[in-house]
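Trainee: Fold the following for me, if possible:
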Amino acid sequence: MSSWSSPYSSRTSRSGGLRTPERLPNYSSPSPFLQKSTSRRRNTVVKDAFTTFTGAFTKCFTPTSEPKTFKDLGDSDEFKAISDGSSRGGNMAGRRPSRRSFQTTGSNEQIMCTVEPGSVKFSLNEILKATKNFSSSLKIGQGGFGTVYKGQLTDGTFVAIKRAKKIIYDRQLGAEFENEVKTLSQIEHHNLVKCFGFLKHEDERIIVVEYVSNGNLREHLDCMHMEILSLASRLEIAIDVAHAITYLHTYTDHPIIHRDIKSSNILLTEKLRAKVADFGFARLAPDRNSSATHVSTQVKGTAGYLDPEYLMTYQLTDKSDVYSFGVLLVELMTGRRPIEAKKRKEERITAKWAMKKFMDGEALEVMDPNLEKNDANNFAMGKIFELALRCLGNNRRTRPNMQRCVEALWNLRKDYKEISSSIPQIREDEDDYNNNNNNKDYKA
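Mentor: As a prediction, the model looks like this:
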């Protein structure tokens with residue numbers, strides 16, 4: 001079921017196609033990557049990685065018994081100390097203090113958070129005015145837990161106002177609401193959706209966040225905005241998302257695991273810069289100074305993006321976000337959703353199908369048909385698939401951390417630009433050659 005806190009993930013499809021799967025309840029040449037390698041050693045290494053990767057899917061959909069360490073969300077505070085037998089470290093030296101502040105006017109009346117001192121403090125009347133009493137004409141998203149409205153503050157700022165459904169406000173939704181508010185209060189990064197404030201008033205649960213006007217990544221991959229995302233744009237989006245996740249894992253006061261990285265949670269600006277949204281399932285990772293390796297918690301996320309190791313063991317780590325990022329990379333290159341129920345059996349799990357094609361030297365067959373096949377694009381897709389294969393490892397210890405993913409994508413961007421810049425020059429040289437020959441023929 002889709003969380004109410006996803007800003008634009010549930011927009012009505014103009015094409016009437018399938019939606020992104022709902023959440024589960026409670027290089028110098030492209031040839032080495034796109035053709036069969038003659039190197040036995042390389043094949044052995046990659047095949048071993050692929051064997052590990054494919055084993056994940058069988059386990060991913062196998063029912064498991066609940067571990068003894070399982071803790072129900074309603075019985076635990078998502079942002080308390082890690083309850084896996086280790087204590088949180090208290091050393092905060094060298095960490096950037098949070099610039100956001102909380103202000104309370106009553107336990108059951110209004111609770112406000114502000115981005116910085118001097119920011120707008122919202123009242124229920126201001127929310128009603130911004131949304132014209134929650135006018136249906138301003139509705140921009142609908143999820144299982146609530147509705148998202150486009151609003152305008154008194155200073156002219158456009159915002160997204162996320163309102164929970166009153167009739168289903170319960171313990172689980174309350175935990176998600178508190179999770180998102182607490183997470184948003186700790187983060188500040190240009191590739192993350194900004195929080196302006198929230199309102200908790202009687203049975204109203206509202207979060208006010210930055211309005212991102214150009215829809216989400218899934219809509220763009222479906223060409224709902226009447227434009228095709230170029231491979232260069234997709235690469236930049238991947239880098240933006242990698243930056244955002246790296247920030248959450250590494251540069252916040254306490255490491256944060258997003259737990260729901262997916263294309264419908266990636267919002268795009270008019271300039272196609274990506275912003276990661278929806279922190280309803282976010283969870284604090286073990287403290288950096290702690291010896292803990294994971295957090296034992298209930299499985300949450302979206303089918304198709306879920307880390308199979310987390311699904312099997314209930315052990316959540318930052319590598320679970322890395323796995324989801326690997327699925328997202330495949331989605332960017334193929335244009336397909338992670339689960340395509342109407343495809344042939346061997347193609348229904350997109351990542352498994354695409355990685356097998358990649359291993360067989362047939363990666364070009366799975367490239368999004370909207371993308372042009374040229375040397376630069378072919379090279380980039382091969383490199384991205386190579387990174388995706390590592391991210392999709394069945395064992396979390398074999399997956400790279402997000403900082404490594406950023407570095408790999410940076411290097412790819414540099415190589416991609418160099419190859420791309422040479423393509424027009426080659427064509428110009430060919431045109432000049434042809435024109436010269438034609439002129440000689442004409443003079444003769």
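
Trainee: Checking residue 275 next. Helix, strand or coil?
Mentor: Residue 275 falls in the strand class when you classify it by DSSP: H, G, I helix; E, B strand; the rest coil.

Trainee: does it really touch residue 187, like I thought?
Mentor: No - judged on Cβ atoms under 8 Å, residue 275 makes no contact with residue 187 at a distance of 11.6 Å. Every residue, glycine included, has its C-beta placed from N, CA and C.

Trainee: ok, how many other residues are close to residue 421?
Mentor: Counted by other Cβ atoms under 10 Å, the residues lying close to residue 421 total 10.

Trainee: quick one: the helices in this structure?
Mentor: 31-34, 40-60, 124-130, 171-184, 217-221, 231-246, 308-313, 318-334, 350-359, 375-391, 402-443 (DSSP state H).

Trainee: so where's the stretch 301-444 of the chain shaky on pLDDT?
Mentor: 424-444 (pLDDT under 70).

Trainee: Let's see that with 50 instead.
Mentor: 426, 440-444 (pLDDT under 50).

Trainee: Quick one: neighbours of residue 317, just the number.
Mentor: As a burial measure, residue 317 scores 23 neighbours (other Cβ under 10 Å).

Trainee: quick one: it and residue 421, what's the gap?
Mentor: Counting by Cβ to Cβ, to the nearest Å, the separation of residue 317 from residue 421 is 40 Å.

Trainee: Was I right to think residue 348 contacts residue 336?
Mentor: No - in this structure, residue 348 is not within contact of residue 336 by Cβ under 8 Å, at 10.1 Å.

Trainee: Of the two, which one has the most company?
Mentor: Legend: neighbour count by other Cβ under 10 Å for residue 348 and residue 336, higher for residue 336 (18 against 15).

Trainee: separation between the more buried one and residue 135?
Mentor: Residue 336 is 36 Å from residue 135, where distance means Cβ to Cβ.

Trainee: Now residue 260: closest residue in space that isn't a chain neighbour?
Mentor: If the residues on either side of it in the chain are set aside, residue 260 comes closest to residue 281, at 4.6 Å by Cβ to Cβ, 6 or more residues apart in numbering.

Trainee: tell me the phi and psi of the one you found?
Mentor: Per-residue torsions, residue 281: phi -100, psi 0 (degrees, to the nearest 10).

Trainee: so it touches residue 302, yeah?
Mentor: No - using Cβ under 8 Å, residue 281 makes no contact with residue 302, being 9.1 Å away.

Trainee: low-scoring stretches of the stretch 151-300 of the chain, by residue?
Mentor: For the stretch 151-300 of the chain, no range has pLDDT under 50.

Trainee: what do you get if the cut-off is 70, keeping everything else the same?
Mentor: Scanning the stretch 151-300 of the chain with the threshold set as pLDDT under 70 gives 166-176, 179, 291.

Trainee: Who are the contact partners of residue 214?
Mentor: When contacts are counted by Cβ atoms under 8 Å, 6 or more residues apart in numbering, residue 214 touches 220, 225, 267-270, 272.

Trainee: and those, which are buried?
Mentor: 220, 267-268, 272 (16 or more other Cβ atoms under 10 Å).

Trainee: do you know how far the residue nearest to residue 260 is from residue 259?
Mentor: As judged by Cβ to Cβ, residue 281 and residue 259 stand 4 Å apart.

Trainee: what's the answer for residue 194, then?
Mentor: Distance check for residue 194 against residue 259: by Cβ to Cβ, it reads 20 Å.

Trainee: Between the two, which has more neighbouring residues?
Mentor: Neighbours were tallied for residue 194 and for residue 259 using other Cβ under 10 Å; the higher tally belongs to residue 259 (26 against 17).

Trainee: Hmm, the more buried one is touching residue 319, no?
Mentor: No - contact criterion Cβ under 8 Å: residue 259 and residue 319 do not qualify, at 11.9 Å.

Trainee: which residues are common contacts for residue 281 and residue 259?
Mentor: Any residue near both residue 281 and residue 259 by Cβ under 8 Å, 6+ apart counts here, and that gives 300-301.

Trainee: what's the spacing between residue 256 and residue 319?
Mentor: Applying Cβ to Cβ, the value for residue 256 to residue 319 is 14 Å.
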